[in-house]
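A.B. asks: no sequence on this one, just coordinates:
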């Protein structure tokens, strides 16, 4: 792998179109050509070299390119958009739509990320060593097709509508999530190690959600089926008693919720339906 480093030299507060920052756009170019790539900052076009000091070695192919970004990029949108290979490593907080529609490669963030992380992605891996905003792995607005492949791992917490319109792949949240995780979900897996604020799987048609923490309630449009002795997600098995719910019946759905019984004793009343 060849490595290029982008070191922030100018603070940018205006919304910035950063989709030029991708292994696919850097590979096969010279350093001078990379420095000349356009970035739309607010309503003005600037060059990448105006904002970053660029150093290192460009690769011939995207799959062989590593990009290291030093400095926060919260005002940047679409970094890594549609990337097919290579690695982007952000050493600081990241902005909206990071990794949108990516099909391969990897993105790692040593910080927090804004909304729409990995929206409509088809492959590759995104790992965030902090918190994420709303609609992780969700659909681009108006499209109705969310994440269909790949893996997103969040070491911290995430906002609302994680996996909205998700069709495939894995989202793994190690912390807590806000409401409506898995809303409109049609496939794939969501693993939540922390707590959920509720309304898990609303309007889901398929897929699986595994919750190891607590949730206030289960939507009445889900049916309680049985108690399982384990649940699996992302190739990992979790032992313990899990309540299995199926729904959402409002969508004639066949989605599955695996809810930790030990973490949710207030849901134990469902067990009488098995007698």
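C.D. replies: Cool, got the structure. Bear in mind that the values here come from a model prediction, so they are computed numbers and not experimental data.
A.B. asks: around residue 265, how many other residues sit close by?
C.D. replies: Each residue near residue 265 was counted by other CB atoms under 10 Å, and the total is 9. (Each C-beta comes from the backbone N, C-alpha and C, glycine too.)
A.B. asks: actually residue 268, not the one I typed
C.D. replies: By other CB under 10 Å, the residues close to residue 268 number 11.
A.B. asks: and if you look at residue 115?
C.D. replies: Count around residue 115 with other CB under 10 Å applied: 18.
A.B. asks: just give the nearest non-adjacent residue to it, would you?
C.D. replies: The shortest distance from residue 115 to any non-neighbouring residue, by CB to CB, 6 or more residues apart in numbering, is to residue 133 (3.8 Å).
A.B. asks: any chance you could map the helices in the stretch 1-150 of the chain?
C.D. replies: 23-26, 31-35, 48-51 (DSSP state H, counting those that start in this stretch).
A.B. asks: name the helices or strands packed onto the longest one?
C.D. replies: Just to be clear, that refers to helix 31-35. helix 48-51, strand 52-56 (3 or more CB pairs under 8 Å, 6 or more residues apart in numbering; DSSP states H and E).
A.B. asks: residue 142 is nearest to which of these?
C.D. replies: helix 48-51 (29.5 Å; CB to CB).
A.B. asks: report the buried residues of that closest one.
C.D. replies: 48-49, 51 (16 or more other CB atoms under 10 Å).
A.B. asks: what's the closest residue to residue 23 other than its chain neighbours in contact with, if anything?
C.D. replies: Closest residue to residue 23 apart from its sequence neighbours, by CB to CB, 6+ apart: residue 86 at 2.9 Å. Residue 86 makes contact with 1, 22-24, 27, 59, 62-67, 105-106, according to CB atoms under 8 Å, 6 or more residues apart in numbering.
A.B. asks: repeat that for residue 35.
C.D. replies: 47-49, 54.
A.B. asks: could you identify the most distant pair in the residues you listed?
C.D. replies: 47 and 54 (10.3 Å).
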